[in-house]
Structures are given as C-alpha cells and as structure tokens.
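Trainee: here are the coordinates; sequence isn't available:
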C-alpha cells in the first residue's frame, strides 16, 4: 500500500501561475490603501491581506455592489490567480447585483506560503472571518461559490456553517483521486473528499458543469448534485468544457435565476456556530496537492 500511495500522491500538484499576474502595493509611497496592479481604483474594490492559522498572508478582494443583498465567497480554479479573474468578477457583480469576496490560495498570486489541501481550508476560513469582521456579512446572506479545485475549500466551509443561503459548485470534483481514476471507494490518502462532504451541506446547492469537460468529467457534477440534500435545478452546459462555461449565455441566466430564487427563500435555519472551530481540521502528512492530469 505504501508504494501505491506514493505513486498516486506523486501525480498531484497545484498549478499557481508563475509569475503572478498582478502585484500588491500601497498607494502614496507605501502609506495608503492596498491595491492590485491592473485594477483601476474606481472599480470599488477593497484589497486585504488576511493572515491564516498556518501563518500565511493571503490576498483577498471585496467587490462591492451598492444594492447587493448577497455576497459570493468565490474560490477560483487551479492554474489561475486573482489577476486573471477581474473581468469575470466585474461581470458577475453587475449581472447578479451581489458583492464578491475573492481570494488567492496560499502560494498563489500575492499570497504567501505553499499551496496544499489544508492550506486552502485555512485560507477560506480566514477570508470568511474577514467578511464577518470587516463587513458584517451574515451567513444567511452568504453564498459560497467553488470552481474546480475551489470546490474543496468551498465544501469544507459549507459543512462548518449552518444557515448559509446557498452553494454553487462549478466544474467541481468528487475528490482528487477520482479526477485521475474512476475509483468506487474513498481512500484515506485521497484529498478534497467532496463526495463525502456534500452530504453534510444543509442549504440549496446549484451544480454547473460542462458535458464535454475533458479535465473533470461531467459525472463528477452529476454525482455531487445527486448527493446534495437540497438540490437546485442544475445547469448542464451542452458542449461546455472545463474553463469556458462563463462564455455561454445560459451561465449568467441560470445564476441570475438562482440568485432570484435565493432572495425569495425564507430562512428558517439557525446558525449552528458563529465561527469555524479550530478542531475541525486534522492535518495528515499524507495529504498532498492536486494536479489535473498525469505526469
């Protein structure tokens, strides 16, 4: 088993863009507010450096909409950083009329540290804490959005918070090993065990997946939707791949429909806890990093 574990783990890796596609700086010679290169200041975006429990500092951006009711906490995919997401966030904010809190994982973009499964969990916990403290965002007004590998930290946080308004899974994975091999059981050395965590999420779940996804097969999204407790009408984009779903007109239309449904949904659940407990993560030296593809 040891040799099998090493062989499988060797196939996993994160892919942060190198070099980063942006820089973090302060205005007025280092004494003003934090900014990102390539992002005009008039875009009403606030930049934060958030410290995690692992001691890393992750870059987070809050895209404010003046009439927003909800806030999306957006966890992006592999091989991307915030500098590549500006256009999408501008589009989502305008069409959905929501605030967006986005962030780079440890080791991505301007965030310090090294990428790992557990660091993504610490990252999203810290960013969620920032949302509460800096902006007073309540869980009932929060929608978690996980794209591709971002479905891992998204579902991690979703299992810790009761009273969330909703969850969106975009090109999501069942688990790390299942991206590479069609296994039927969950191994102890697997990472991002979403197939188990989705069953613990108590809010509406929207699944978006391309039927021609050649990196994370459509069956991942289908199974996650089947296992969801509160299923929302899924979006299967015919002919859609892994990295181009935003280009299809039904993408924005369906998200707008989902947001509208969440606005009409009465919230009857009570928050289970006001913060993520520090005891929810047990880190193992055997948990490695995720790569889509084989070496």
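Mentor: Perfect, thanks for sending it. Bear in mind that the values here come from a model prediction, so they are computed numbers and not experimental data.

Trainee: could you use CA atoms for every contact and neighbour count after this?
Mentor: Will do.

Trainee: now the helices for this protein?
Mentor: With DSSP state H as the criterion, the chain has helices at 2-9, 27-30, 86-96, 117-135, 151-160, 176-180, 194-197, 218-227, 249-264.

Trainee: could you dump the ones you listed to CSV with mean pLDDT, distance to residue 235 and mean neighbour count?
Mentor: Output for the helices of the chain, formatted as CSV (pLDDT from 0 to 100; distance: least, C-alpha to C-alpha, whole Å; neighbours: other C-alpha atoms under 10 Å):
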stretch, mean pLDDT, distance to residue 235, mean neighbour count
helix 2-9, 43, 32, 12
helix 27-30, 77, 42, 8
helix 86-96, 97, 17, 15
helix 117-135, 97, 25, 20
helix 151-160, 98, 16, 24
helix 176-180, 91, 20, 21
helix 194-197, 97, 19, 18
helix 218-227, 98, 10, 19
helix 249-264, 98, 7, 15
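
Trainee: out of these, which is closest to residue 15?
Mentor: helix 117-135 (12.7 Å; C-alpha to C-alpha).

Trainee: for that closest one, which helices and strands make contact with it?
Mentor: When contacts are defined as 3 or more C-alpha pairs under 8 Å, 6 or more residues apart in numbering; DSSP states H and E, helix 117-135 sits against strand 45-51, helix 151-160.

Trainee: can you lay out the ones you listed as TSV showing distance to residue 62?
Mentor: Output for these, formatted as TSV (distance: least, C-alpha to C-alpha, whole Å):
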stretch	distance to residue 62
strand 45-51	5
helix 151-160	17
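
Trainee: right, so of the helices of the chain, which gets closest to residue 209?
Mentor: Going by C-alpha to C-alpha, the one of the helices of the chain nearest residue 209 is helix 218-227, 5.9 Å.

Trainee: and the closest residue to residue 20 other than its chain neighbours, what is it in contact with?
Mentor: Counting by C-alpha to C-alpha, 6 or more residues apart in numbering, the nearest residue to residue 20 once its immediate chain neighbours are dropped is residue 109, at 4.6 Å. Counting by C-alpha atoms under 8 Å, 6 or more residues apart in numbering, residue 109 makes contact with 16, 17, 19, 20, 21, 22, 23, 59, 81, 82, 83.

Trainee: of those residues, buried ones?
Mentor: 16, 17, 20, 21, 22, 59, 81, 82, 83 (16 or more other C-alpha atoms under 10 Å).

Trainee: and which of those is nearest residue 95?
Mentor: Distances from residue 95 to the buried ones among the contacts of residue 109, taken by C-alpha to C-alpha, are shortest for residue 82, at 19.5 Å.

Trainee: what about the nearest residue to residue 151 once chain neighbours are set aside, distance to residue 143?
Mentor: Closest residue to residue 151 apart from its sequence neighbours, by C-alpha to C-alpha, 6+ apart: residue 172 at 5.5 Å. Distance of residue 172 to residue 143, computed by C-alpha to C-alpha, to the nearest Å: 16 Å.

Trainee: flag the shaky bits of this protein, pLDDT-wise.
Mentor: 1-13, 267-295 (pLDDT under 70).

Trainee: distance of the residue most central in space within it from residue 239?
Mentor: Nearest to the geometric centre of the chain sits residue 75, at 2.2 Å (C-alpha atoms, centre = their mean). In this view, residue 75 and residue 239 are 24 Å apart by C-alpha to C-alpha.

Trainee: and for residue 93?
Mentor: Using C-alpha to C-alpha, we find residue 93 at a distance of 26 Å from residue 239.

Trainee: and the two most separated of the buried ones among the contacts of residue 109?
Mentor: The most widely separated members of these are 17 and 59, with 14.7 Å between them, by C-alpha to C-alpha.

Trainee: just give me the neighbour total for residue 39.
Mentor: 14 (other C-alpha atoms under 10 Å).

Trainee: quick one: it and residue 61, what's the gap?
Mentor: Residue 39 is 11 Å from residue 61, by C-alpha to C-alpha.

Trainee: and if you look at residue 45?
Mentor: 6 Å.

Trainee: repeat for residue 261
Mentor: Distance from residue 261 to residue 61, by C-alpha to C-alpha: 26 Å.
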